Each structure stands twice: as structure tokens, then as C-alpha cells.
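Undergrad: Prediction below, plus the sequence it came from.
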Amino acid sequence: MLLDISTGNTPLKIELENSSFETLKPMEKLKNEVSKCQKCRLGTTRKNSVFGEGNLEAQIMFIGEGPGEDEDNSGRPFIGKAGQLLTKIIENGMKIPRESVYIANIVKCRPPSNRDPLPDEASACIGYLQKQIETINPKVIILLGKVAAKHLLGLEDTITKAREKTYSYNNIKVFITYHPSALLRNENYKRPVWEDIKKVLEYLETIQRS
């Protein structure tokens, strides 16, 4: 199935395929491993692990910092207010279904009171994310916020500075933008986020033509 993404006057087609058994099997095994994980203190305070969800052959992968209360209760990523905003960015802005992308976090369990994950917590969990990225092998990774950029790429820059550049992770193009929760606190971030999303769409259009 092909989906059209409008970028100006040019439609960008993203091909969606049914996930192969070869892809599904290792991801299900990894998800089961995460559900039992006790590598850090977050495993003792969670209600549910939040593995990630979406198309296992997605071209676009979003990565946040960690689950919040709604996610902890449900076991699904980005379903609270910030998640609802992310869904609008994907479906209203990018013009593709949320189900066509893959969404995950740096840590798979909620940090107490929604604090940032501590370095040892992120370090204990990052291997799961790395395996997800390797299995999905997206064309683009979009990092949501400073925490995600720090723990996946080792960046210490402010988000304002970090989003001025693009990056590479295992030959995958990486873009950085504000976390949706930041937009809920400050609507002035909406325009920069849209600018970042347009850069992603333009990049996908470029590689499709090449």
C-alpha cells in the first residue's frame, strides 16, 4: 500500500508493507524480554513496561524520553496529552496514519513523577532501543526532546541548538525537534516543530527521487 504525503505540490509516496514473520519474531521476543526486565530501579516501580508500537517496517521512527502516567497505565507509548499532540503532528501535519510510523522511548518504564531518566537507567535500557532501531531500520529517526538526543547521540546541546543540524545513527538520518510536552507548555514551539517536520518530509522526498 502506498501513502501520499503532500510536500508543496509534490506528493511523496511512502510504501507500507505487512511486517514479515522474520521481523515480527525478534520484536516479539524483545518485547517479552522488556516486560520482565529488572535491570534498573524503574522495573520495580512501573505498572507496565512500554515497549513501543507501530509499523515494523516504518520509514519514520519517533523516539521520546520515557513513558508518563497514561503510558504506564496502558503499556502504550504517547497516548496522553503529549501523545495526542504527536498524533496530530503525524496525521494532520505529515498526512500519514500514526500506525505507519514506529514510536518508542529511551527507557521502557516510567520514571517516578515523570522525571528525566537517570544516566544509569538510560544506560540499562538503551540496548533494547538499539535493537528496535536495528530491526526496523527506518529511513529517518526523529528524536523528541533533549533527553532523547542526549542518550541516543550523546548530545549535550540545548534543543534549540541541536535542531539546527541533522545527524546520523548507524547510517540512518536523524532529526531533532521539541518534545510534544514542550509544545503544550509553550505554543511558540509549534512553528519550529513544523519547520523540522517539513525538513523530514523534504529529505524523504529527496531520497525517493535518488
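TA: In hand now; what should we look at? Numbering: from 1, shown residues only.

Undergrad: Could I get the full set of strands for this structure?
TA: Secondary structure of the chain by DSSP state E: the strands cover 2-7, 10-15, 53-54, 60-64, 102-105, 140-144, 167-169, 172-177.

Undergrad: mind listing what the fourth one pairs with, with the direction of each?
TA: Just to be clear, that refers to strand 60-64. Strand 60-64 pairs in its sheet with strand 102-105 (parallel), strand 140-144 (parallel), by DSSP bridges.

Undergrad: now the last one
TA: When sheet partners are counted by DSSP bridges, strand 172-177 sits next to strand 140-144 (parallel), strand 167-169 (antiparallel).

Undergrad: Tell me which of those is the most buried.
TA: strand 140-144 (a mean of 26; mean count of other CB atoms under 10 Å). (Glycine included, C-beta is placed from N, CA and C.)

Undergrad: now that one, how far from the chain's geometric center?
TA: Chain-centre distance of strand 140-144: 6 Å, with CA atoms, centre = their mean, to the nearest Å.

Undergrad: And for stretch 127-142?
TA: Worked out by CA atoms, centre = their mean, stretch 127-142 lies 9 Å from the chain centre.

Undergrad: likewise stretch 99-110?
TA: 5 Å.

Undergrad: Buried residues in that stretch, which are they?
TA: With burial defined by 16 or more other CB atoms under 10 Å, the residues of stretch 99-110 counted as buried are 100-110.

Undergrad: ok, back up a step: with mean pLDDT and distance to residue 198 added, can I get the strands paired with strand 172-177 in TSV?
TA: Shown next, in TSV, are the strands paired with strand 172-177 (pLDDT from 0 to 100; distance: least, CB to CB, whole Å):
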stretch	mean pLDDT	distance to residue 198
strand 140-144	98	12
strand 167-169	98	18
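
Undergrad: just so I know, which of those lies nearest residue 66?
TA: strand 140-144 (10.9 Å; CB to CB).

Undergrad: pull the longest helix from this structure.
TA: The helix that spans the most residues within the chain, counting by DSSP state H, is helix 190-209.

Undergrad: now the angle from it to strand 60-64?
TA: For helix 190-209 against strand 60-64, the angle by axes from the mean of the first three to the mean of the last three CA atoms, to 10 degrees is 150 degrees.

Undergrad: Packing partners of helix 190-209?
TA: Where contact means 3 or more CB pairs under 8 Å, 6 or more residues apart in numbering; DSSP states H and E, helix 190-209 is packed against strand 2-7, strand 10-15, strand 140-144, strand 172-177.

Undergrad: Comparing those, which yields the minimum mean pLDDT?
TA: The weakest mean pLDDT among the helices and strands packed on helix 190-209 belongs to strand 2-7, with a mean of 43.

Undergrad: How about residue 192: what's its closest non-neighbour residue?
TA: residue 178 (6.6 Å; CB to CB, 6 or more residues apart in numbering).
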